[in-house]
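Colleague: Curious how this folds, go ahead:
(one chain, ligands or ions: 1)
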Amino acid sequence: MNRFVQIRRDLHQIPELGFQEFKTQAYILSYLETLPPERLEIRTWRTGVLVKVKGRNPRQTIGYRADIDGLPISEQTGYEFSSTHEGLMHACGHDMHTSIALGVVTVLVEQPIDDDAVFFFQPAEEGPGGAQPMMESEEFQAWKPDIIVALHIAPEYPVGTIATREGLLFANTSELFIDLKGKGGHAAYPHHANDMVVAASHLVTQLQSVISRNVDPLDSAVITIGKITGGTVQNIIAETARLEGTIRTLSVESMNKVKERIEAIVAGIEASFQCEAVIDYGAMYHQVYNHEEVTREFMNFARESGHMEVIECREAMTGEDFGYMLAEIPGLMFWLGVQSEFGLHHAKLRPSEDAIERAISFLTSYMKWKGSR
Ligand SMILES: CC(=O)N[C@@H](CCC[C@H](N)C(=O)O)C(=O)O
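Modeller: Residues are numbered from 1 along each chain as shown. Predicted structure coming up:
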């Protein structure tokens, strides 16, 4: 078996949440120790790893970012190498991202290019967001690259394809947590209580009107409530309830508008259900905006080199904290086709491992082309 497929499988067994990627970090470091050390410099930042592969005659630094965290999902893939961490899974493909990045590091160590290449193994992409604090770190600033590239696996595209576009690729995001507090009581005496299960149900329904009635239909937005909790048992009226969700918008203006409307609706719920509500926006991610020139050049390279079929895709409502890196450093993100019946954030996601070798070979060719004279 290809060694980077094995690495992906090893990582797949140890998914960890944001800023708890201790085993993953140790795994990455122990793999890097197996490589000839002459061209390598390695640093750590929190649970992340930064690796410089020194070039032969560097004039610029090419950056590459791979996110390393998993998700709180109970795996149902049936893999022999399923997660050994109960309730956690690499359901967003960061095991693939990490093994591909380690593959590219390995090839560049064996076949150095002129320029320096720096790899950022970044924690906490799924939340609370590792890119922004990593960028602010001394370690990142000391090795800040001139351009930066990252990929995300795409279950909907076949192996051998990549998809991207100049400009906006992914949405602005904000997490959304709403806590409701009313008055609990006996299930048989609703008139003596303020039921937060009923308040939460009304709130979820009313939130749907924000997208359909308040946002310009030509400027897409999404509100998803992914989790509701409330109450204790079947015959006690719930004193508290909590909604957990996410907001996605293509423009910053729409994000502000959506939040204004959410706040107004929540105030209405407070008044009508005589309860208290607290809104917390959690982590927010900057949109992913691909640098036009770097992306055009990258897409042309991919087409002309014959490594990959290139699809010019539409923007998506996914979020990615890599957007913070692209806000400061010219570069791009692209989708890597991995053909899976089940999509991202699904318990049965099974990306094709053939994509690993294809991606390593494509990315190393790009880096050789971009970083050699
Ligand atoms: C590519 C991808 O699936 N990214 C995640 C990023 C999550 C951001 C944050 N936790 C939020 O939910 O707003 C996504 O869900 O799009």
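
Colleague: can you pull the buried residues of stretch 228-240?
Modeller: I228, G230, G231, I237, A238, E239, T240 (16 or more other CB atoms under 10 Å). Using the backbone N, CA and C atoms, a C-beta is placed for each residue, glycine as well.

Colleague: Give me the contact list for that stretch.
Modeller: Outside stretch 228-240, the residues within contact range by CB atoms under 8 Å, 6 or more residues apart in numbering are 179-190, 193, 195-197, 200, 204, 241-244.

Colleague: pLDDT of it, averaged?
Modeller: Averaged over stretch 228-240, pLDDT sits at 98.

Colleague: quick one: secondary structure of E75?
Modeller: coil (DSSP: H, G, I helix; E, B strand; the rest coil).

Colleague: beta partners for the closest residue to it other than its chain neighbours?
Modeller: With sequence-adjacent residues excluded and distances taken as CB to CB, 6 or more residues apart in numbering, E75 is closest to M89, at 4.1 Å. In this entry, M89 is beta-bridged to L71, by DSSP bridges.

Colleague: count of neighbours near M89?
Modeller: 25 (other CB atoms under 10 Å).

Colleague: correct me, but it touches S74?
Modeller: Yes: counting by CB atoms under 8 Å, M89 does reach S74; the two are 6.9 Å apart.

Colleague: Up against the ligand, what does the stretch 101-250 of the chain have?
Modeller: E126, G127, H152, T173, E175, T246 (CB under 6 Å from any ligand atom).

Colleague: Can you list which of the residues you listed are found in strands?
Modeller: Counting by DSSP state E, these place H152, T173, E175, T246 in strands.

Colleague: Pick the one among the residues you listed closest to R56.
Modeller: If you rank those by distance to R56 using CB to CB, H152 comes first, at 30.8 Å.

Colleague: Can you classify the closest residue in space to the closest one that isn't next to it in sequence as helix, strand or coil?
Modeller: Ranked by CB to CB, 6+ apart and with sequence neighbours excluded, the top spatial neighbour of H152 is W335, at 5.8 Å. State at W335, reduced to three classes by three-state DSSP: strand.

Colleague: K257 too?
Modeller: helix.

Colleague: do you know how far it is from the ligand?
Modeller: 17 Å (CB to the nearest ligand atom, to the nearest Å).

Colleague: Contact partners for that residue?
Modeller: N214, V215.

Colleague: that older thread, looking at the residues of the stretch 101-250 of the chain next to the ligand, which two lie furthest apart in space?
Modeller: Across those (CB to CB), the longest gap, 18.9 Å, separates H152 and E175.

Colleague: if we can go back for a sec, turn the buried residues of stretch 228-240 into CSV, columns for secondary structure and distance to D115.
Modeller: Below are these laid out as CSV (DSSP: H, G, I helix; E, B strand; the rest coil; distance: CB to CB, whole Å):
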residue, secondary structure, distance to D115
I228, strand, 50
G230, strand, 55
G231, coil, 59
I237, strand, 65
A238, coil, 59
E239, coil, 60
T240, strand, 55
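
Colleague: Assign a three-state SS to H85, would you?
Modeller: coil.

Colleague: no, scratch that, I was asking about I148
Modeller: Judged by three-state DSSP, the three-state class of I148 is strand.

Colleague: Identify the residues contacting it.
Modeller: I62, G63, Y64, R65, M325, L326, I329, P330, G331 are the contacts of I148 under CB under 8 Å, 6+ apart.

Colleague: Make a ChimeraX selection of the buried ones in these.
Modeller: Those of the contacts of I148 that count as buried under 16+ other CB under 10 Å are selected in ChimeraX with:
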select :62,63,64,65,325,326,329,331
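
Colleague: now, which of the contacts of I148 sits nearest the ligand?
Modeller: R65 (13.0 Å; CB to the nearest ligand atom).

Colleague: helices or strands up against the helix or strand that closest one falls within?
Modeller: Using DSSP states H and E, R65 falls within strand 61-67. If contacts are counted by 3 or more CB pairs under 8 Å, 6 or more residues apart in numbering; DSSP states H and E, strand 61-67 sits against helix 94-110, strand 116-122, strand 147-154, helix 322-328, helix 354-370.
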